[in-house]
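J.: give the three-dimensional model of this entry:
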Amino acid sequence: MVTVNERTEMHRALEAILLVADEPVTPNLLAQLLEIPAVRVEELCTELADSYEVAGHGFVLARVGGGYRFQTAPDLAPYVERFVLEGQSARLSAAAMETLAIVAYKQPLSRAQVAAIRGVNVDGVMRTLQQRGYIEEVARDPGPGQAVLFGTTRQFLEKLGLDSLDDLPSLGDFVPGADMVEAMEMGLRLTVDDEPATAPEAGGDDAPPSA
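T.: Down below sits the predicted model:
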């Protein structure tokens with residue numbers, strides 16, 4: 001049976017390790033360091049996460065990229081963004097964000113496949129995403145030419161605060177339902193039907209005869 005002191009010691013050890021970690025630490029590695037089963041690590045991390053939430057701290061213990069790390073509380077994002085983004089201009093362009101989204105949802109796929117979806121050349125954008133560490137070569141197409149296939153990286157998951165690609169929001173969340181499409185079409189028809197008829201020009205075929 002685990003004593004209160006032993007549990008406290010394990011909690012403190014987890015906090016110390018995660019505080020100095022540069023990236024999420026997997027449960028298996030934490031289990032090796034603490035010399036306890038991985039399932040026990042999961043339980044301890046859950047206990048810590050719950051305690052932070054109850055206490056209302058400005059940070060949380062989150063599971064992302066297959067491991068655990070400390071990160072800021074989601075509701076404090078506006079304050080953190082002001083600090084992190086102040087004076088910085090290295091944000092991804094709209095083209096890069098669109099390309100990254102395509103890779104994330106359709107991976108693995110080649111540069112040519114991404115270009116076909118976007119309708120423009122993506123070589124430069126793909127290089128930028130690789131340099132930022134968001135995408136990487138994951139396989140080769142077995143077909144002619146054996147084109148390089150790309151997928152997202154662990155860093156991509158970390159940046160988005162996701163544990164796995166399964167946590168990506170469904171594309172259906174961004175597509176309006178059939179009822180919404182029908183309502184939009186109806187609104188457009190009503191707008192057209194309600195437009196006032198153009199008055200006949202003076203002297204035209206419909207103009208009244210002059211006295």
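J.: for the protein, what spans make up the helices?
T.: If DSSP state H is used as the criterion, the helices of the chain fall at 4-20, 27-34, 38-55, 77-85, 94-106, 111-118, 123-132, 154-160, 178-193.
J.: just send the ones you listed back as TSV, with distance to residue 171, mean neighbour count and mean pLDDT too.
T.: C-beta coordinates here come from the backbone N, C-alpha and C atoms, glycine included. Listed next are these as TSV, based on distance: least, CB to CB, whole Å; neighbours: other CB atoms under 10 Å; pLDDT from 0 to 100:
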stretch	distance to residue 171	mean neighbour count	mean pLDDT
helix 4-20	33	13	91
helix 27-34	30	16	95
helix 38-55	29	15	95
helix 77-85	24	10	80
helix 94-106	6	17	91
helix 111-118	13	16	91
helix 123-132	20	16	90
helix 154-160	15	17	88
helix 178-193	15	10	58
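J.: using TSV, please lay out these together with distance to residue 66.
T.: What follows is the helices of the chain, written out as TSV (distance: least, CB to CB, whole Å):
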stretch	distance to residue 66
helix 4-20	14
helix 27-34	9
helix 38-55	12
helix 77-85	23
helix 94-106	16
helix 111-118	26
helix 123-132	20
helix 154-160	7
helix 178-193	36
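J.: out of the ones you listed, flag the one nearest residue 140.
T.: helix 111-118 (12.8 Å; CB to CB).
J.: now do the contacts for residue 97.
T.: Applying CB atoms under 8 Å, 6 or more residues apart in numbering to residue 97 gives no contacts.
J.: kindly recompute the last result at 10 Å.
T.: Residues counted as contacts of residue 97 (CB atoms under 10 Å, 6 or more residues apart in numbering) are 91, 125, 129.
J.: and which of the residues you listed is nearest to residue 83?
T.: residue 91 (15.1 Å).
J.: grab the most central residue of the protein for me.
T.: The centroid of the chain falls nearest to residue 160 when counting by CA atoms, centre = their mean (4.6 Å).
J.: was I right about it contacting residue 168?
T.: Yes. Using CB atoms under 10 Å, residue 160 is in contact with residue 168, at 8.1 Å.
J.: tell me, what's touching these two both at once?
T.: The contact lists of residue 160 and residue 168 share 104, 152, where a contact means CB under 10 Å, 6+ apart.
J.: tell me the spacing between residue 122 and residue 93.
T.: Using CB to CB, to the nearest Å, we find residue 122 at a distance of 12 Å from residue 93.
J.: higher neighbour count, those two?
T.: Comparing residue 122 with residue 93 by other CB atoms under 10 Å, the one with more neighbours is residue 122, at 24 against 10.
J.: check contacts around the more buried one.
T.: When contacts are counted by CB under 10 Å, 6+ apart, residue 122 is found next to 95-96, 98-99, 102-103, 111-116, 128-129.
J.: between which two of those residues is the distance greatest?
T.: Using CB to CB, these span at most 19.3 Å, a distance reached by 116 and 128.
J.: dump the residue contacts of residue 38.
T.: Each residue near residue 38 by CB under 10 Å, 6+ apart is listed here: 26-32.
J.: domains for this protein, by residue range?
T.: According to automatic domain parsing, the chain comprises the domains 4-77, 94-167.
J.: got a markdown table for the contacts of residue 97, with distance to residue 44 too?
T.: Output for the contacts of residue 97, formatted as a markdown table (distance: CB to CB, whole Å):
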| residue | distance to residue 44 |
| --- | --- |
| 91 | 37 |
| 125 | 42 |
| 129 | 36 |
